[in-house]
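>>> Here is my input; please provide its structure:
(chains A and B)
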Amino acid sequence: MVVLQPDRFLSELTSMYERSTEKGSVWVTMKRSSLKAKAQLQKMEKKGKEIEYRCLIRASDGKKSISTSVSLKEYAKFQASYATVLKAHMHALKKRERKDRKKAADAEKVPETAPKKQKKKSSKKSSGSKS
Amino acid sequence: MVYVDSWDEFVERSVQLFRADPSATRYVVKYRHCEGKLVLKVTDDRECLKFKTDQAQDAKKMEKLNNIFFALMTRGPDADISEVSGKEQAEQQQSKKGRGRRQ
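Prediction:
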């Protein structure tokens, strides 16, 4: 498990998502942790010290594991960049059917109303007529 | 292991699970691009909640759950998540209205 800075972690996570497009999965785990050993925690508790918790984030593609952690101060920024990475890579999920139907309907209408503007479609048409 | 079908129930139960044992509960997002599948899991190794989807709209919901868990895990289990989930509730109400219209 390699511990990285949040920014490095996100770029590594990005390449993990890119590597696993054809096959494989990516796991991202979030956990609340103090990053301290149990014994040390118990000591701190006895002394009444306040324990600082962080959010530990780990990612794996089954071969390689990376991790990072964010504190209370850092998490808002990380959360935003993490969401951007996810949005950019989770595009294999299905869009809502209703939208698809609309798009299909639009695609049918467009060549009828403006066939000259749609060069690609007109070329498809011509090739279709040839065959 | 239980697959929860309802998203709202999944969020509610996973937050409950986390609050019951904050330092033992983890939240896992598994994404499989080739099959276009997304599985969310929340577990404390005694109870395990899962939510499975292939819908892009659920990715948006997941983003909100991410925000909830980031807040809970850094600020602590007593953190007020209404700020994060408040938006969600508002949107849920909107979507409920939308559903009504469609029917």
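>>> ranges for the strands of chain B?
For chain B, applying DSSP state E gives strands covering B:2-3, B:26-32, B:37-43, B:48-53.
>>> now the shortest one: mean pLDDT?
Right, strand B:2-3. Averaged over strand B:2-3, pLDDT sits at 87.
>>> I would like the residues contacting that strand, please.
Counting by Cβ atoms under 8 Å, 6 or more residues apart in numbering or on different chains, strand B:2-3 makes contact with B:Cys48, B:Leu49, B:Lys50, B:Phe51, B:Lys52, all of which sit outside it. Quick note: C-beta positions are derived from backbone N, CA and C, even for glycine.
>>> next one: the second one
Contacts made with strand B:26-32 from outside it, assessed by Cβ under 8 Å, 6+ apart, are listed as A:17, A:20, A:24-31, A:86, A:89-90, B:14, B:18, B:37-44, B:62, B:65-66, B:69.
>>> Can you redo the strands of chain B as TSV, where the extra columns are distance to A:Ser71 and mean neighbour count?
Compiled in TSV, these are given as follows (distance: least, Cβ to Cβ, whole Å; neighbours: other Cβ atoms under 10 Å in any protein chain shown):
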stretch	distance to A:Ser71	mean neighbour count
strand B:2-3	33	12
strand B:26-32	18	20
strand B:37-43	22	20
strand B:48-53	27	18
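>>> A:Asp7: which of those strands is closest?
Between A:Asp7 and those, the tightest spacing by Cβ to Cβ is seen for strand B:26-32, at 19.6 Å.
>>> so how far is that closest one off the chain centroid?
For strand B:26-32, the gap between its own C-alpha mean and the chain's C-alpha mean amounts to 11 Å (Cα atoms, centre = their mean, to the nearest Å).
>>> For that strand, which strands pair with it and how are they oriented?
Taking DSSP bridges as the criterion, strand B:26-32 sits next to strand A:26-33 (antiparallel), strand B:37-43 (antiparallel) in its sheet.
>>> out of those, nearest to B:Gly76?
Between B:Gly76 and the strands paired with strand B:26-32, the shortest gap by Cβ to Cβ is with strand A:26-33, which sits at 8.0 Å.
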